[in-house]
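# I'd like to go over a predicted model; first the sequence, then the structure.
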Amino acid sequence: MSIEEEMVKSPILVMKFGGTSVGSVDAIQQSCEIVSSTLKDWPRTVVVLSALSGVTNQLLEGAARATEGDVTAAMAASEQLRSKHHTTAEGLLEDMSGLAEFKQHCDRLIDEFSNLCGAIAILGEATPRALDAVASLGERLSIRLFRLVLKERGVPAQDIESTRLILTDSNFQSAHPDWDATRRQSQQLLVPLLNQGVVPVVTGFLGANSDGVTTTLGRGGSDYSAAILAAAIRAAEVWIWTDVDGVMTADPRIVQGARTIPSISYLELAELAYFGAKVLHPKTVRPVLDAGIQLSIRNTFNPDHSGTRLVPRPEKKDEGGIKAVTAVRGQSLITIEGSGMLGVPGVAARAFGAVAGTGTNVILISQASSEQSISFAVPLAAADQVVTALEGAFKSELSNREIDRIWATGDAVIVTVVGSGMRHTPGVAGKVFSALGEKNVNVTAIAQGSSEVAISLVVDSPDMELAVRTLHNLVK
Ligand code: ADP
Ligand code: ASP
Ligand code: MG
């Protein structure tokens, strides 16, 4: 078999490096080292990148200041971003022509940012479309820098904006891929490069609608980009490189004793991600599951650690216990309450219809002990709007006292314990409640989850860390 034929037969790997993995000179060097050493075993590798850490926040913060008319703050943000990228590139690139190429590219994109902010300031508003144009700049910068560093190391690479690969609807800030178009584009553009031994370095987070307008997949969406591209080009594996040793029993920032979970099932990981474990974007699991792609999560700064491997089914020995604890902050629990609710038809359907009308995402619906109340959690920032919408929808029930009250709590946290078969294992829920009770943590609601692998509880925000640490003690 010729080298070309061998190449075409070799399996494809998609590696995604998150913000901290490209956040500094050392981190980029380390990530590039991982790419070049992996190529020996995986000659067909696609690299998906996030923006340098903090950059997406800075960009969106600048746009927010511009909305308030504070052009000076927006311009200051653009100078900070320019200088951050220039300095990082100077620390990485020895070849002067590469450095000049990067700086020119950088200045063009930073000018684009300043112009967008100027326009936003004049209008006094930033549309979701404008915000996606702004947010996209971080990844458009990081891929060029990474490609130039790879080139200096002798790795043939090409940077590609995923606006050419991932085609989406026009749901700006949380776009959905058009799978057929994405498959067609990605196969057409990526596979020939891979077959020539060129490493495509692709922006995470971004797509474009059918008019070619830039969209984003949602914050933290680069993981999802990697999964989408892997499914589109039928990759064998996806490796998510981040700043911790894989998926852990809790967020190591909250629980010092958090440990790596060596293997986790799709369902468990999906629940963990959905309920706040930032280590993986919740939408990442589905495409890799559907396409039978292997997924691992590994630490860029500890590459010899095997991290976490996703497995189709939990191992028998793991069934039944609590495997991990996670938390989602910044929620509000909305309650519709009234003794007359029993007789009111379709309260839930109407309530969720009204909530959906505000464009708000309900993350959990709580288990009511009677039919006299319904509670559900929404992001705190949307709480007032949701209550107003519900009061409108139930105007007549409120006036004839079939519904007594619709109210929202202040800052609440959803704490979730995850583990396969847990809900069928007698005693787990009891242990959870008695552990929290002993620490005087007040549980305001219990979630009615559809899956068998998670139990969620709502607690007041000040109790979050105590609740997570207490429940972490129950992890096997
Ligand atoms: P990246 O920039 O690589 O995408 P993120 O910051 O999005 O990285 O996600 C990694 C972070 O997720 C970790 O630094 C950690 O603090 C946090 N995290 C939250 N829950 C977990 C968990 N259960 N396991 C591992 N990390 C977690
Ligand atoms: N840079 C984007 C964000 O900060 C996407 C990502 O890092 O996954 O949300
Ligand atoms: Mg992330």
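Right, received. Where do you want to start? In this text, all values refer to a predicted model and were calculated from it rather than measured experimentally. Ligands and ions are numbered 1, 2, ... in the order given.

# now do residue 98 against residue 90, distance only.
In this view, residue 98 and residue 90 are 11 Å apart by CB to CB, to the nearest Å. Where C-beta positions appear, they are placed from N, C-alpha and C, glycine not excepted.

# got it, and residue 76?
For residue 76, the distance to residue 90 - CB to CB - is 21 Å.

# do the same with residue 201
Residue 201 is 20 Å from residue 90, by CB to CB.

# so these two - more neighbours on which side?
Between residue 201 and residue 90, residue 201 has the larger neighbour count (other CB atoms under 10 Å), namely 25 against 13.

# contacting residues for residue 264?
247, 272, 308, 309, 310, 311, 314, 323 (CB atoms under 8 Å, 6 or more residues apart in numbering).

# what's the neighbour count on the third one?
So that's residue 308. Residues lying near residue 308 (other CB under 10 Å) number 25.

# and the pLDDT for it?
Per-residue pLDDT puts residue 308 at 98.

# that one contacts residue 260, doesn't it?
Yes - shown here, residue 308 and residue 260 form a contact pair, counting by CB atoms under 8 Å, at 6.3 Å.

# which residues do these two both contact?
Common neighbours of residue 308 and residue 260 (CB under 8 Å, 6+ apart) are 246, 247.

# just the ones of the contacts of residue 264 in helices?
Cross-referencing the contacts of residue 264 against helices under DSSP state H gives residue 272.

# what's the closest of the contacts of residue 264 to ligand 3?
Nearest to ligand 3 among these: residue 247, at 12.4 Å, using CB to the ion.

# contacts only, for the closest one.
Residue 247 touches 260, 261, 264, 269, 272, 277, 279, 280, 297, 308, 324, counting by CB under 8 Å, 6+ apart.

# who are the packing partners of the helix or strand harbouring residue 223?
Element membership for residue 223 (DSSP states H and E) is helix 222-232. Judged by 3 or more CB pairs under 8 Å, 6 or more residues apart in numbering; DSSP states H and E, helix 222-232 is in contact with strand 12-17, strand 44-49, helix 179-195, strand 199-203, strand 237-242, helix 285-290.

# TSV for these, including mean pLDDT?
Formatted as TSV, these follow (pLDDT from 0 to 100):
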stretch	mean pLDDT
strand 12-17	98
strand 44-49	98
helix 179-195	98
strand 199-203	98
strand 237-242	98
helix 285-290	94
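
# what about the residue in the stretch 251-400 of the chain that ligand 2 sits nearest to, how many residues nearby?
Nearest residue of the stretch 251-400 of the chain to ligand 2: residue 281, at 6.6 Å (CB to the nearest ligand atom). Applying other CB under 10 Å, we find 22 residues neighbouring residue 281.

# ok, now the one 10 residues further on?
Other residues within reach of residue 291, judged by other CB under 10 Å, total 15.

# so who does it touch?
Here residue 291 is in contact with 230, 231, 234 (CB under 8 Å, 6+ apart).

# wait, isn't the second one in contact with residue 290?
So the one you mean is residue 231. Yes - with contact defined as CB under 8 Å, residue 231 counts as touching residue 290 (6.9 Å).

# residue 445 pairs with what?
For residue 445, the beta-bridge partners under DSSP bridges are residue 458.

# let me see the confidence value for it.
Reported pLDDT for residue 445: 87.

# try the one 4 residues further on
Residue 449 carries a pLDDT score of 62 in this model.

# pretty sure residue 272 sits against residue 326.
Yes - under the criterion of CB under 8 Å, residue 272 makes contact with residue 326 at 5.3 Å.

# can you pull the residues that touch both of the two?
Residues touching both residue 272 and residue 326 by CB under 8 Å, 6+ apart: 416, 418.

# circling back: touching ligand 2 at all, the helix holding residue 223?
Yes - using CB under 6 Å from any ligand atom, we find that helix 222-232 touches ligand 2 at residue 222.

# starting at the chain centroid, how far to that helix?
12 Å (CA atoms, centre = their mean, to the nearest Å).

# change the start of the numbering to 19 and stick with it
With 19 as the first residue, the last one maps to helix 240-250.

# mean confidence score for that helix?
Mean pLDDT, helix 240-250: 98.

# again with stretch 313-320
The model assigns stretch 313-320 a mean pLDDT of 98.

# contact residues of the protein facing ligand 1?
Residues of the chain lying near ligand 1 (CB under 6 Å from any ligand atom): 36-39, 68, 238, 260-262, 265-266, 268-271, 295-297, 342, 344.

# dig out what residue 351 forms beta bridges with.
Going by DSSP bridges, residue 351 forms beta bridges with residue 395.

# if I look at it, how far off is residue 432?
As judged by CB to CB, residue 351 and residue 432 stand 9 Å apart.

# what comes up buried for stretch 136-143?
For stretch 136-143, burial by neighbour count (16 or more other CB atoms under 10 Å) applies to 138, 139.

# now find how far off-centre it is within its chain.
The answer for stretch 136-143 is 28 Å, by CA atoms, centre = their mean.

# contacting residues around it?
By CB under 8 Å, 6+ apart, stretch 136-143 touches 81, 84, 85, 87, 88, 89, 92, 144, 148.

# those residues: which ones sit near ligand 2?
Okay, of the contacts of stretch 136-143, nothing touches ligand 2 (CB under 6 Å from any ligand atom).

# is it possible to get a markdown table of those residues that adds pLDDT, distance to residue 417 and neighbour count?
Formatted as a markdown table, the contacts of stretch 136-143 follow (pLDDT from 0 to 100; distance: CB to CB, whole Å; neighbours: other CB atoms under 10 Å):
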| residue | pLDDT | distance to residue 417 | neighbour count |
| --- | --- | --- | --- |
| 81 | 97 | 43 | 22 |
| 84 | 97 | 44 | 30 |
| 85 | 97 | 38 | 18 |
| 87 | 94 | 42 | 13 |
| 88 | 95 | 44 | 15 |
| 89 | 93 | 48 | 17 |
| 92 | 95 | 47 | 26 |
| 144 | 96 | 39 | 20 |
| 148 | 98 | 42 | 19 |
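
# quick one, what contacts the residue nearest to residue 113 when sequence neighbours are not counted?
Among residues not flanking residue 113 along the chain, residue 170 sits closest, at 5.8 Å (CB to CB, 6 or more residues apart in numbering). Residues near residue 170 by CB under 8 Å, 6+ apart: 111, 112, 113, 116.

# go on, residue 475?
Residue 475 touches 432, 433, 434, 450, 454, 461, 463, 464, 465, 485, counting by CB under 8 Å, 6+ apart.

# so for it, what's the pLDDT?
Per-residue confidence at residue 475 stands at 93 (pLDDT).

# right, I'll leave it there.
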